[in-house]
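*Asks:* sequence and computational prediction follow.
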Amino acid sequence: MERTLIVLKPDTIQRGLVGEIMTRFEKVGLKIIASKMLKPDNDHYYHHYENIGQMISRRGQQAFDVTLEMMNQGPVIAFVLEGVGAVEVVRKMVGTTEPKSALPGTIRGDFAHVSFSHADTQKKGIPNLIHASGDPAEAKEEINHWFKEGELFDYESVHEVHTQVK
């Protein structure tokens with residue numbers, strides 16, 4: 001089974017969309033194996049966005065700075081999902097990074113609308129609700145960064161119980 005990290009950003013929590021978003025993942029059969037609310041410090045975010053995601057290297061210091069400012073607006077909820085092709089399934093469900101371009105039916109397409117250009121003119125991070133790992137290797141690094149081994153749980157979901165071949 002593949003695992004992926006999800007971080008519900010402060011705008012998700014402030015808008016009261018946590019349950020709605022988590023429910024979407026559960027409804028497709030992905031299993032939540034870890035979850036916590038926290039307010040990471042700047043060092044934690046630096047490691048996540050630059051050491052793992054290489055945001056400064058790819059998009060520049062300003063993109064990192066506005067993202068960090070946005071992420072510090074409140075707590076986040078981090079969780080780990082597990083399932084067949086979890087990274088790809090989640091990326092498809094979340095939609096493109098720019099909410100304006102995200103298709104209806106995706107999380108960003110249904111609950112956000114801001115464009116990169118608008119966020120840039122305001123010198124603010126784009127409120128796009130959610131972070132999802134980009135690929136399985138990144139997911140593994142991110143999960144190890146956000147969770148200790150003892151915080152990941154192994155159990156059988158109802159989907160697994162009722163689909164096992166005997």
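*Replies:* Nice, thanks for sending it over.

*Asks:* following the lowest-mean-pLDDT helix or strand in the chain in sequence, what is the next regular element?
*Replies:* Sorting the helices and strands of the chain by mean pLDDT, DSSP states H and E puts helix 116-122 at the bottom, at a mean of 68. Following helix 116-122 in sequence order, the next helix or strand is strand 130-132 (DSSP states H and E).

*Asks:* so which elements touch that next one?
*Replies:* strand 2-8, helix 86-94 (3 or more CB pairs under 8 Å, 6 or more residues apart in numbering; DSSP states H and E). Heads up, the C-betas are built off the backbone N, CA and C, glycines and all.

*Asks:* if we go to 10 Å?
*Replies:* Strand 130-132 makes packing contacts with strand 2-8, strand 76-83, helix 86-94, helix 107-111, helix 136-146 when contacts are defined by 3 or more CB pairs under 10 Å, 6 or more residues apart in numbering; DSSP states H and E.

*Asks:* chain center to it, what's the gap?
*Replies:* 2 Å (CA atoms, centre = their mean, to the nearest Å).

*Asks:* list of residues touching that strand?
*Replies:* 4-9, 11-12, 17, 21, 25, 48-49, 53, 67, 71, 76-78, 81, 86-87, 89-95, 97, 107-108, 111-112, 138-139, 142 (CB atoms under 10 Å, 6 or more residues apart in numbering).

*Asks:* quick one: mean pLDDT over that strand.
*Replies:* Average pLDDT, strand 130-132: 96.
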